[in-house]
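In: Build me a structure from this.
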Amino acid sequence: QNWVMFIYPPEVGTSYLELEEITGEKRYLDAARAIGEYLRANVRENGTWFLIRDIRTNEILTPDYCEPLEKIVPFLMGLYKRTGENIWKELADKAIAYVENTSLADYSWGAQFEDSVCTVNYSNITHYAATALIRYYCEYFSDDESKMKIADDLMDYGSVKRAKLGVTMSAITAEMAKEY
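Out: Residues are numbered from 1 along each chain as shown. Just a heads-up that it's a prediction; the model follows:
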């Protein structure tokens, strides 16, 4: 395999941060920082990354963008907490702004896995990214009423509605899509 999904290097970076914390060995922090630099070098102006690149040439292999909430933002914030270097928080903030202007704006939370085909909005819906945004808002914006309202709405959207209606997330979003 000569390609990488941009959601995976940050997962490895998070492991390096954990190893550095446990062992105290600087080489793990250096490795995490190198992954952060790779992300920084490849971020798009909109605040996210192309989903898949060739690891040999860095060629973009899909026009689709990453949903950065699950892996990228937590890694960047971990790097920021560990190093105090503001660049990692700024990168995470840009990624959050991307999500707020896309997935959050239209509630289209599409899955991104090697075995899932990128699809049109409101199909192949996942709860993972919405849940990651809830965690992010709770951790970093617990005093911000507007962010907590969004988190509450996302909880309702992602779990309570499904339980009340007894339907899948896809069925809910199909109904929402009719409104657009």
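
In: Poorly predicted segments of this structure, please.
Out: Counting by pLDDT under 70, the chain shows low-confidence ranges at 109-126, 157-180.

In: now the strands for it?
Out: For the chain, the strands defined by DSSP state E cover 3-5, 52-54.

In: Can you name every helix or strand that the first one contacts?
Out: Using 3 or more CB pairs under 8 Å, 6 or more residues apart in numbering; DSSP states H and E, the elements in contact with strand 3-5 are strand 52-54. For glycine as for every other residue, the C-beta is placed from the backbone atoms N, C-alpha and C.

In: which outside residues touch the strand it packs on?
Out: Applying CB atoms under 8 Å, 6 or more residues apart in numbering, the external contacts of strand 52-54 come out as 2-6, 42, 59-62, 64.

In: rewinding a little: and the strands of the chain as TSV, adding distance to Leu91 and mean neighbour count?
Out: TSV is the format used below for the strands of the chain (distance: least, CB to CB, whole Å; neighbours: other CB atoms under 10 Å):
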stretch	distance to Leu91	mean neighbour count
strand 3-5	18	16
strand 52-54	17	18
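
In: of all the ones you listed, which lies closest to Gly78?
Out: strand 3-5 (19.3 Å; CB to CB).

In: Quick check: neighbours of the closest one in the sheet, parallel or antiparallel?
Out: When pairing is defined by DSSP bridges, strand 3-5 lines up against strand 52-54 (antiparallel).

In: from the chain's centre, how far out does the partner strand sit?
Out: On the basis of CA atoms, centre = their mean, to the nearest Å, strand 52-54 sits 17 Å off its chain's mean C-alpha point.

In: do stretch 68-84 as well
Out: 10 Å.

In: got it, and stretch 101-108?
Out: For stretch 101-108, the distance to the chain centre is 13 Å (CA atoms, centre = their mean).

In: coming back round to it: most surrounded residue in the contacts of strand 52-54?
Out: Comparing those by number of neighbours (other CB atoms under 10 Å), Phe6 comes first, having 22 neighbours.

In: need the contact list for it.
Out: 39, 42, 49-53, 66, 72.

In: Could you report the distance from the closest residue to Glu11 other than its chain neighbours to Tyr128?
Out: The shortest distance from Glu11 to any residue other than its chain neighbours is 5.0 Å, reached at Lys71 (CB to CB, 6 or more residues apart in numbering). As for Lys71, its distance to Tyr128 is 10 Å (criterion: CB to CB, to the nearest Å).
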